[in-house]
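*Asks:* have a look; sequence and predicted model below, questions after that.
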Amino acid sequence: PAAVAPKRSWGTPTASVADTIARIASNDSTLTSVDFSNSASFQMRHDELAAQLADALSGNTHVTDVCLVNCNLGQIACESLGRALSKNGSVKSLNLEKNCVNPEGASAIALGLAQNKSLLTLNLMNQKNCRWGDKCLDDFLTLFQTNTTLVKIMWRLESRKSFALNKMVTRNNEIERRKKCGIPYNDILPSSLQDPNAPR
């Protein structure tokens, strides 16, 4: 069976994080789930380790779940992860709960997701002292012009734009449902992705 990187706890040696990132970079087929939650190493060297993880994920084709809960990740780390998301085609779930993601960091994630075709679930709950601004939410709306695979975003919104965002998530869920059922879905794709010759 596929191996799972052990859940990290307070005081995890840096070597353990480095070894796991090295396995990701080598595209180890036995490693499909990575969990650095509560890693003391990540909390102290968040930007450096996030950049290393992002570089490793960019060429990886086996890791499907990445959990980075409570790793002190902020804008710079999110910029690295956003770049990885623009290249990675295997990660289906990204959990960034309980970090320091600000609107600019979330926008960097959105920019990467605009080019992503694998991520299904994104968790942005419980960020420290953060309120998502209109610019950030506009960036998420923009990503749905090219992204048809993201079907769940976990976050707390206090904005009139939440209705439009929920509508886009619902659309992607309907696309996924139709794919599984073998039903044509060209008519609900973003206009830029529609095939004028496809059956309706």
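*Replies:* Received the coordinates, thanks.
*Asks:* C-alpha from now on. contacts and neighbour counts both.
*Replies:* OK.
*Asks:* what's in contact with stretch 155-167?
*Replies:* Defining contact as Cα atoms under 8 Å, 6 or more residues apart in numbering, one finds that stretch 155-167 is touched by 123-126, 131-132, 134, 137, 140-141.
*Asks:* what about 10 Å?
*Replies:* 97, 122-127, 130-134, 137-138, 140-142, 144, 151-153, 168-173 (Cα atoms under 10 Å, 6 or more residues apart in numbering).
*Asks:* drop anything exposed from those residues.
*Replies:* Among those, those classed as buried by neighbour count (16 or more other Cα atoms under 10 Å) are 97, 122-127, 132, 137, 140-142, 144, 151-153, 168-169, 171-173.
*Asks:* the longest helix in this structure is where?
*Replies:* helix 162-181 (DSSP state H).
*Asks:* identify each buried residue in that one, please.
*Replies:* 165, 168-169, 171-176.
*Asks:* for it, list the C-alpha coordinates in PDB.
*Replies:* Included here for helix 162-181 are C-alpha records, laid out as PDB according to Å, rounded to 0.1, in the frame of the first residue of the first chain:
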ATOM      1  CA  SER A 162     -19.900  35.100  -1.700                       C
ATOM      2  CA  PHE A 163     -23.000  34.300  -3.800                       C
ATOM      3  CA  ALA A 164     -21.100  34.600  -7.100                       C
ATOM      4  CA  LEU A 165     -18.300  32.500  -5.700                       C
ATOM      5  CA  ASN A 166     -20.700  29.800  -4.500                       C
ATOM      6  CA  LYS A 167     -22.300  29.800  -7.900                       C
ATOM      7  CA  MET A 168     -18.900  29.100  -9.600                       C
ATOM      8  CA  VAL A 169     -18.200  26.200  -7.100                       C
ATOM      9  CA  THR A 170     -21.700  24.800  -7.800                       C
ATOM     10  CA  ARG A 171     -21.000  25.000 -11.500                       C
ATOM     11  CA  ASN A 172     -17.700  23.000 -11.100                       C
ATOM     12  CA  ASN A 173     -19.600  20.400  -9.000                       C
ATOM     13  CA  GLU A 174     -22.100  20.100 -11.800                       C
ATOM     14  CA  ILE A 175     -19.400  19.700 -14.400                       C
ATOM     15  CA  GLU A 176     -17.900  16.900 -12.200                       C
ATOM     16  CA  ARG A 177     -21.200  15.200 -11.900                       C
ATOM     17  CA  ARG A 178     -21.900  15.300 -15.600                       C
ATOM     18  CA  LYS A 179     -18.400  13.900 -16.400                       C
ATOM     19  CA  LYS A 180     -19.000  10.900 -14.000                       C
ATOM     20  CA  CYS A 181     -22.400  10.300 -15.600                       C
END
